[in-house]
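Asks: Give me coordinates for this.
(one chain, ligands or ions: 1)
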Amino acid sequence: MKNVLVKNLYKSYENQNIDRNYVLDNINFEVGDNEFICILGKSGCGKSTLLNLLAGFIKPTKGEIYVSGKLVQKPSAEIGVVFQDHALFPWYTVTENIAFGPKLNKDKNADKIAIRLIDMVGLNGYEDHYPSSLSGGMQQRVGIARALATNPKLLLMDEPLGALDALTREKMRLELLKIWEKTKKTIIFITHSVSEAVYLADRVILLEEGKVGMDVRIEIERPRDTKDQRFIDYVQMFKDRFTEQELLEVSK
Ligand SMILES: Nc1ncnc2c1ncn2[C@@H]1O[C@H](COP(=O)(O)OP(=O)(O)OP(=O)(O)O)[C@@H](O)[C@H]1O
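Replies: So this is what the prediction gives:
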């Protein structure tokens, strides 16, 4: 089943300072139910713009986005978003942060949902902690649990692991795959790391100067071994699309 449809999508900003007409220039792709998609690209190629459009935070210049058959026109509880900087409420505990969305929806089971998600993301024992007393990795788990709490059909993630140290980042990749397998959500995950994209995704969509440069299915079973020759070949195939200077950014 198709979950996301992006059709003839264009975006330009009033004060954009780039030498192309559109920040996003005729983007087309579909995402199936339960698919894990990584959007890969160098800085400035339009990744965050695409995510903001998918989330309904901004409007396209031309074209349409459908999620579960519905035209995206504004943010909705059906689309969960996880940001790099967590955007947690500092004055709320872990439980209160996660229960916030369901409570807003007047869901009587809000606390039960929070307890179940705390268990799923492995934060048992931290229910009453405030975000400031948690590590970056733990805060990101809260961010993921909070985005899942309203049971969205689509989970959007904007460089969610970008602010973590290398070791925590690797651990969180594994955790994220486990959460995805348990919840069977459709995920669109933005990254500028080639190896992260090849490690996580069913399909990698490479954005180049506001266009879809490549749309490639990663045919390696999980868990993936970064030393597997097939893994190395996929990584090389994407890296070949970047200049020496750009490689410094996408190799992280
Ligand atoms: N609100 C805005 N007004 C004007 N120009 C913008 C605005 N938002 C983004 N842009 C421009 O659009 C282009 C794409 O930006 P975007 O943030 O989508 O790229 P990105 O691939 O996410 O980059 P990064 O990885 O650095 O975050 C950039 O040239 C940026 O300067």
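Asks: Distance-wise, check the spatially most central residue of the chain relative to residue 232.
Replies: With the centre of the chain defined as its mean C-alpha position, the nearest residue by C-alpha atoms, centre = their mean is residue 157, 2.0 Å away. Using C-beta to C-beta, to the nearest Å, one gets 25 Å for the distance from residue 157 to residue 232. Every C-beta, even on glycine, is put in place using the N, C-alpha and C of the backbone.
Asks: show me the residues around the residue nearest to residue 129 when sequence neighbours are not counted that make contact.
Replies: The shortest distance from residue 129 to any residue that is not its chain neighbour, by C-beta to C-beta, 6 or more residues apart in numbering, is 5.4 Å, and that residue is residue 94. If a contact means C-beta atoms under 8 Å, 6 or more residues apart in numbering, then residue 94 has 118, 123, 126-131, 134, 142 as its contacts.
Asks: Validate this expectation: residue 38 resides in a helix.
Replies: No. With DSSP: H, G, I helix; E, B strand; the rest coil as the criterion, residue 38 is strand rather than part of a helix.
Asks: how close does it sit to residue 234?
Replies: In terms of C-beta to C-beta, residue 38 sits 11 Å off from residue 234.
Asks: tell me the contacts of whichever residue of the stretch 151-252 of the chain sits closest to the ligand?
Replies: For the stretch 151-252 of the chain, the nearest residue to the ligand under the criterion C-beta to the nearest ligand atom is residue 192, separated by 5.5 Å. Under the criterion of C-beta under 8 Å, 6+ apart, the contact list for residue 192 reads 40-43, 47, 159, 249-250, 252.
Asks: Could I get the phi/psi values of it?
Replies: phi -110, psi 20 (degrees, to the nearest 10).
Asks: re the thing from before, if you rank the contacts of residue 94 by neighbours, which is first?
Replies: Using other C-beta atoms under 10 Å as the neighbour test, the contacts of residue 94 are led by residue 142, with 25 neighbours.
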